[in-house]
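K.L.:
Have a look; sequence and predicted model below, questions after that.
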Amino acid sequence: MRVHILAVGRLRSGAEAGLVADYLRRATRSGRPLGISSVTVTEVDERKGGSKAGEAALLEKALPQGAVLVALDERGRHLTSPAFAERIAGWRDNGCQDLAFVIGGADGLDPDLVARADLVLSFGAMVWPHMLARVMLSEQIYRAVTILAGSPYHRE
């Protein structure tokens with residue numbers, strides 16, 4: 001299974017970019033033996049979207065055909081890290097080839113895109129900047145892989 005993060009906006013080089021790259025490198029390395037072949041980021045330029053609907057169109061264009069779609073939205077479900085790992089494993093075990101997480105721009109995701117998501121996920125009641133959400137998602141994907149591998153990274 002290939003895991004994709006589709007995000008509105010460009011992550012400039014710096015602390016956030018370094019963290020995302022590190023977690024995704026770790027997730028890909030640890031995920032291969034578990035059937036997770038890659039974890040990648042695709043960025044779409046918010047200036048070309050012009051609105052939430054325009055950004056959604058760019059995200060849709062980048063979305064692999066047939067992918068399971070997970071939208072990050074403040075009104076989404078709250079999952080524990082083990083429950084998140086179980087969801088990923090379930091999709092993988094059911095033959096999912098592509099799993100795509102979408103992160104909107106500063107104004108969030110278009111409601112139509114959120115409505116068609118297979119899962120709407122929230123990192124809590126607080127609103128997070130979309131650049132930090134990318135870091136948090138990358139870490140949670142890595143954490144999920146380590147949980148599935150039985151690694152001691154995650155502690156309960």
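P.N.:
Sure, I can see it.
K.L.:
Figure out how far the helix or strand harbouring residue 99 is from the centre of its chain.
P.N.:
Using DSSP states H and E, residue 99 sits in strand 98-103. In terms of C-alpha atoms, centre = their mean, to the nearest Å, the centre of strand 98-103 is set 5 Å apart from its chain centre.
K.L.:
what packs against it?
P.N.:
Helices and strands touching strand 98-103, by 3 or more C-beta pairs under 8 Å, 6 or more residues apart in numbering; DSSP states H and E, are strand 2-8, strand 68-77, helix 81-93, helix 130-149. The way it works is simple: take the backbone N, C-alpha and C, and place the C-beta from them, glycine included.
K.L.:
Make JSON lines from those and add mean pLDDT to it.
P.N.:
Formatted as JSON lines, these follow (pLDDT from 0 to 100):
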{"stretch": "strand 2-8", "mean pLDDT": "96"}
{"stretch": "strand 68-77", "mean pLDDT": "95"}
{"stretch": "helix 81-93", "mean pLDDT": "97"}
{"stretch": "helix 130-149", "mean pLDDT": "94"}
